[in-house]
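> sharing a model prediction with you, sequence too.
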Amino acid sequence: MDGTLELYFSPLACSLASRIALYEAGANARFTEVDPRTKRTLAGDDYLSIYALGMVPLLRLENGSLLPEGAAILQYIANRYPDSGLAPRIVFEHEVELTGETRVVDHTRPLHADVEILPGG
């Protein structure tokens with residue numbers, strides 16, 4: 001990678017917050033639009049080959065790794081650009097690196113899959 005972040009987004013989708021945060025932070029970022037129906041970028045690339053779930057937003061980091069999920073992306077941007085004021089700076093005794101693993105939601109299962117209904121309820 002060339003040190004540029006790349007945000008995969010769709011207009012009017014929840015990826016808008018990530019776009020705004022990158023603009024506000026003054027990040028060196030490239031924005032790649034994804035058609036939500038065809039799952040192709042405007043350049044014609046197959047987005048499913050980039051991210052199998054086909055959901056946006058998705059942030060490609062400077063090192064080439066992929067960070068999914070809007071909440072994790074917003075935390076990453078706020079942490080990566082602390083002078084932007086996007087979030088309060090919290091100093092821990094030991095600095096914690098934020099990764100997508102802390103916020104990834106399993107979109108292959110319904111959120112209520114592990115909920116048991118009590119008899120008579």
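Looks like it arrived, so ask away. Residues are numbered from 1 along each chain as shown.

> show me how far the lowest-mean-pLDDT helix or strand in the chain is from its chain's centre.
Ranked by mean pLDDT, DSSP states H and E, the weakest helix or strand in the chain is helix 70-80, scoring a mean of 92. Its chain's C-alpha centre and that of helix 70-80 lie 8 Å apart, by C-alpha atoms, centre = their mean, to the nearest Å.

> give me the beta-bridge partners of L66?
Residues in a beta bridge with L66, per DSSP bridges, are R60.

> roughly how far does it sit from S84?
22 Å (C-beta to C-beta, to the nearest Å). To be clear about C-beta, it is placed using only N, CA and C from the backbone, and glycine gets the same treatment.

> do A27 as well
Counting by C-beta to C-beta - A27 and S84 are separated by 8 Å.

> ok, which stretches of this structure are helices?
Secondary structure of the chain (DSSP state H): helices at 16-25, 47-50, 70-80.

> got any ranges where the chain has weak pLDDT?
Along the chain, segments meeting pLDDT under 70 span 1-2, 89-121.

> how about a cut-off of 50?
Applying pLDDT under 50 to the chain picks out residues 1, 93-96, 98-105, 111, 121.

> hmm, back to that, which of the residues in the least confident helix or strand of the chain are buried?
70, 72-80 (16 or more other C-beta atoms under 10 Å).

> and if you look at stretch 26-34?
Going by 16+ other C-beta under 10 Å, stretch 26-34 has these buried residues: 27, 29, 32-34.

> and it, C-alpha only, in CSV?
Only the C-alpha atoms of stretch 26-34 are listed here, as CSV (Å, rounded to 0.1, in the frame of the first residue of the first chain):
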residue,chain,number,x,y,z
GLY,A,26,-8.0,15.2,7.2
ALA,A,27,-7.0,11.7,6.5
ASN,A,28,-5.1,10.7,3.3
ALA,A,29,-7.9,8.5,2.0
ARG,A,30,-9.3,7.2,-1.3
PHE,A,31,-13.1,6.6,-1.5
THR,A,32,-14.4,3.7,-3.6
GLU,A,33,-18.1,3.5,-4.3
VAL,A,34,-19.8,0.1,-4.2
